[in-house]
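*Asks:* When you get a sec, could you give me coordinates for this:
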Amino acid sequence: MPDKLTDLIAELALANRILAHEGVLDAFGHVSVRHPTDPGRYLLSRARSPLLIEPDDILEYTLDSAPVKPPKVHLYAERVIHGCIYQARDDVMAICHHHAPAVMPFCIAGKPIDPVFHLGATMGEHVPFWDQYDEFGDTNLLVVKPEEGQSLARALGNHSVVLMNRHGATVVGSGLKELVSRSIFICQNAEYQLRALALGSATPLHRGEIKLAGTISLMPNVVTRTWEYWSMRLQASGAMPPRRPAKSHRKSRKTRRGR
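*Replies:* You can find the predicted model right below:
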């Protein structure tokens, strides 16, 4: 019988590598997914560059962002982003926090990213901003305290994306494949918007167009198609994660340590 948890862990490792290969993540940033059978927990890698993540790196956390098992590895400092959003939004099943070059000019300038092409409609009509300084004053700009994560979750509200002034963006989705599509499409949209502005203007989609195009762009057959495409690009680069199930991989590592 299929193991939902093992399959989801493998998919999470692949999602990390796809987003890194497509330029959304670099050495930093992270992706999580809600536990498939326990909505009060989520899955997130140990602190590691996303392009290197494999199934055996994935750990389980409570929604307070505490690891379920005592860790023997370094953890992401900003994991409260994930826990606080999962607490605030029952509908969110996957989260990506990133500092993609495509969105950073907007985060720095405090200018909105507007949906300007059909796939960009996956972001929705409005993308809110969150400025950590407004509530917390001088910080190192990392979101590491529960109250900071809760503030970010409030700014996100019921939207799909929140821009973080001078920091990056946080994206949510109803599943990993939808999340990956939305994260990549928003970056493409930001690039097109900047290029259009260089020509003089960047006219956003109409409200009805955003609703209709956004719905089509997140249909299961569309997100499956893009997932396969980005997976093949990753495979061609030679950067696919190990295919062995996480449980088998852990056993093999224990065996090697016992030799």
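*Asks:* residues contacting the residue nearest the centre of the chain?
*Replies:* Nearest to the mean C-alpha position of the chain, by Cα atoms, centre = their mean, lies C96 at 1.4 Å. The contact partners of C96, by Cβ atoms under 8 Å, 6 or more residues apart in numbering, come to L19, V24, L25, G29, H30, V31, T170, V171, V172, L179, V180, S183. C-beta coordinates here come from the backbone N, C-alpha and C atoms, glycine included.
*Asks:* Of the residues you listed, which belong to helices?
*Replies:* Secondary structure assignment by DSSP state H places L19, L179, V180, S183 of the contacts of C96 in helices.
*Asks:* For the stretch 101-250 of the chain, just list every one of the helices.
*Replies:* Per DSSP state H, counting those that start in this stretch, the stretch 101-250 of the chain carries helices over the ranges 104-109, 132-136, 146-156, 176-199, 207-217, 220-236, 246-258.
*Asks:* Reformat these into JSON lines and put distance to P67 next to each item.
*Replies:* Below are the helices of the stretch 101-250 of the chain laid out as JSON lines (distance: least, Cβ to Cβ, whole Å):
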{"stretch": "helix 104-109", "distance to P67": "30"}
{"stretch": "helix 132-136", "distance to P67": "25"}
{"stretch": "helix 146-156", "distance to P67": "15"}
{"stretch": "helix 176-199", "distance to P67": "21"}
{"stretch": "helix 207-217", "distance to P67": "35"}
{"stretch": "helix 220-236", "distance to P67": "28"}
{"stretch": "helix 246-258", "distance to P67": "16"}
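*Asks:* so which of those helices is the most packed in?
*Replies:* With neighbours defined as mean count of other Cβ atoms under 10 Å, those peak in mean count at helix 176-199, which reaches a mean of 21.
*Asks:* That helix - contacts with which helices or strands?
*Replies:* helix 4-21, strand 30-34, strand 94-98, helix 104-109, strand 168-173, helix 220-236 (3 or more Cβ pairs under 8 Å, 6 or more residues apart in numbering; DSSP states H and E).
*Asks:* 6 Å - rerun?
*Replies:* Helices and strands touching helix 176-199, by 3 or more Cβ pairs under 6 Å, 6 or more residues apart in numbering; DSSP states H and E, are helix 4-21, strand 94-98, strand 168-173, helix 220-236.
*Asks:* So which of the ones you listed is nearest E125?
*Replies:* Nearest of the helices and strands packed on helix 176-199 to E125, taken as Cβ to Cβ: strand 168-173 at 15.5 Å.
*Asks:* Lovely, talk soon.
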